[in-house]
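Trainee: Generate coordinates for the sequence data below:
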Amino acid sequence: MNRGKPVTREPQINPQSVSFKPTDLIIPESLQEMFPEQVDLFKNLQDKEKQLDLLVNRKLLDLQDYQNNNINGVMEDSDKNEILRIFIYNISENQPWQLAKQSEDQSEEAKAIAAGSAQADPSWTLRIEGRFLNDEAADNASRKKFSSFLSSISVELFKGATKEKLDANNIIEWHDELQQIKSEIEREEQQFDGLDIKRVGSSIPGNPTEEVSCQILIQPKMYPIKLSILSKELVELLGTNEITQHDCFVKLFNYIQVNDLFQFDQDKNLQQQQNSILIKSDDALVKIFQLEKFNVPQMLDIISTRLLKPVEPIKLNYTVNTLTNSTLGDMIIDLKINSDLLNKSSAGGANKSVSDLINELMNNQANSIEVNKLNENISLTLQLLNYNKIKYDFYKKFSEDPVKFLQKINDKNHEFLKIICSDSVGYNTNEYIDEEIFRKSEYYKDNIISEQVNLLLNSGRL
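Mentor: Got it, this is the predicted structure:
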């Protein structure tokens, strides 16, 4: 019971609760049964939160990728993309209708030509050719030829509606074998603007026995060599369907590093830690790798064997038509080619290797541990300085006037003891402490108490 005038107390401030992300919370089944609509709304919120996290991580990866490419000088500028136009057509020679048309010409010269042609068998030539749509002249010696932009061409010939082999050599292939060529000059000499395949006979489209069809596979040359991503979850994380194996590893490595998913054994030295790095999967990585934990070699193996595959070549079906002199213009394909990237393919690039990334990670980890130790030493040094300052002030004042100083300490301790032991306040009474003491007391800003409170908070026990 208070004596004297009633005291107006300040409203109590409740401590803030720990904040959780919606994705960290699990709704009990009992609440799901009682409030199904609200729980469904909350689950939708969780899904949106995960999508937002995925989008933020993807943007971070894109930013890191942009910075790396900018440093390495391999920025892919869409404005520098040029068109490689591919023509697929056939030319007819000595076909019966051509000879008949020539015989209608009554001139002696035409008859002589027709007589000579009659001795030759009818034939056709399938031609696959391409040109860069730029301002370079066709006779320019430094102009890159069609085949320099391709890795391979494959043509398979079929006869009739049953797709039987046309002949024993029905498969024609060309590959750009760089390893077998000793010099760049020799390689340039073997490049071409068109591939010709010539066969004897006729081809009439729609005729079940006379029709000749072709399946053409064209593999464009890409720098760096891109692979197709098989995992839908990995596509969502990286935001692309095609990527190089190196870039796939680097982006996943950066994602793991940004989200602090690497685990280190602090009891081991740097070399031992490097050989025993573990990756703790979050929700996204569990869906991609199907593992709760894995190491870097496992990550590389899964990327190369399960997550990526070679990009499918361009597949075209073409039917040879010998009822006309030429079918030029019937089938045209346009490909976007960045010539600057192709020119840099021989230079190699400055991409970091896997070992470089691991070494950089370990160095960062070692530096982080060293920085934490330095921070702890700084904190302890500051505490020691504060403590020594308090001791210095104590002895300095004690030396100036010992009696007065000790009396002051005794009064202060008496005041502090009353504050600690009191459970109520009043005005000018023997049993209760004056409220003004609470308001003006140095107890709440005492250096020793403040230091002890800070130590308690930093210890993690609160």
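
Trainee: Report pLDDT for Ile449.
Mentor: pLDDT recorded at Ile449 is 58.

Trainee: Apologies, that question was intended for Ile303.
Mentor: 91.

Trainee: would you say it is within a strand?
Mentor: No - checked against DSSP: H, G, I helix; E, B strand; the rest coil, Ile303 lies outside a strand; its state is helix.

Trainee: roughly how far apart are it and His246?
Mentor: 10 Å (C-beta to C-beta, to the nearest Å). C-beta coordinates here come from the backbone N, C-alpha and C atoms, glycine included.

Trainee: Have a look at the two and say which one is more surrounded.
Mentor: Under the criterion of other C-beta atoms under 10 Å, the comparison of Ile303 against His246 puts Ile303 first, with 22 against 16.

Trainee: Could you tell me how many residues sit around Lys144?
Mentor: 19.

Trainee: Excluding sequence neighbours, find me the nearest residue to it.
Mentor: Phe132 (6.8 Å; C-beta to C-beta, 6 or more residues apart in numbering).

Trainee: and the one you found, how far is that from Ile88?
Mentor: Distance from Phe132 to Ile88, by C-beta to C-beta: 17 Å.

Trainee: Quick check: Gly160 touching Pro205?
Mentor: No - the criterion here is C-beta atoms under 8 Å, and Gly160 misses it with Pro205 at 11.9 Å.

Trainee: who touches both of those two?
Mentor: Glu211 (C-beta atoms under 8 Å, 6 or more residues apart in numbering).

Trainee: Which positions in the helix or strand hosting Phe294 come out as buried?
Mentor: Here Phe294 sits within strand 293-295, counting by DSSP states H and E. Buried residues in strand 293-295, counted by 16 or more other C-beta atoms under 10 Å: Phe294.

Trainee: which residues in the stretch 201-350 of the chain form strands?
Mentor: 212-220, 227-229, 242-243, 262-263, 278-280, 293-295, 308-310, 314-319, 331-338 (DSSP state E, counting those that start in this stretch).

Trainee: tell me the mean pLDDT for the first one?
Mentor: This predicted structure assigns strand 212-220 an average pLDDT of 93.

Trainee: between it and strand 314-319, how big is the angle?
Mentor: Orientation check (axes from the mean of the first three to the mean of the last three C-alpha atoms, to 10 degrees): strand 212-220 against strand 314-319 gives 160 degrees.

Trainee: Distance check, Asp356 against Val250.
Mentor: For Asp356 relative to Val250 (C-beta to C-beta), the value is 10 Å.

Trainee: Next, the angle strand 314-319 makes with whatever helix or strand Leu84 lives in.
Mentor: Using DSSP H and E, Leu84 maps to strand 81-93. Angle, strand 81-93 to strand 314-319, by the same axes, to 10 degrees: 20 degrees.

Trainee: And the next helix or strand past strand 81-93?
Mentor: helix 96-103.

Trainee: Just the C-alphas of that following helix, formatted as CSV.
Mentor: C-alpha atoms of helix 96-103 as CSV (Å, rounded to 0.1, in the frame of the first residue of the first chain):
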residue,chain,number,x,y,z
PRO,A,96,13.9,-36.7,-118.3
TRP,A,97,11.7,-33.6,-118.4
GLN,A,98,14.9,-31.5,-118.8
LEU,A,99,16.0,-33.6,-121.8
ALA,A,100,12.6,-33.5,-123.3
LYS,A,101,12.5,-29.7,-123.0
GLN,A,102,16.0,-29.5,-124.6
SER,A,103,14.9,-31.6,-127.6
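
Trainee: So which elements touch that helix?
Mentor: Secondary-structure packing of helix 96-103 (3 or more C-beta pairs under 8 Å, 6 or more residues apart in numbering; DSSP states H and E): helix 108-118.

Trainee: Downstream of the helix it packs on, the next helix or strand is which one?
Mentor: strand 123-132.

Trainee: partners of that next one, with directions?
Mentor: Next to strand 123-132 in the sheet, as set by DSSP bridges, lie strand 81-93 (antiparallel), strand 194-200 (antiparallel).
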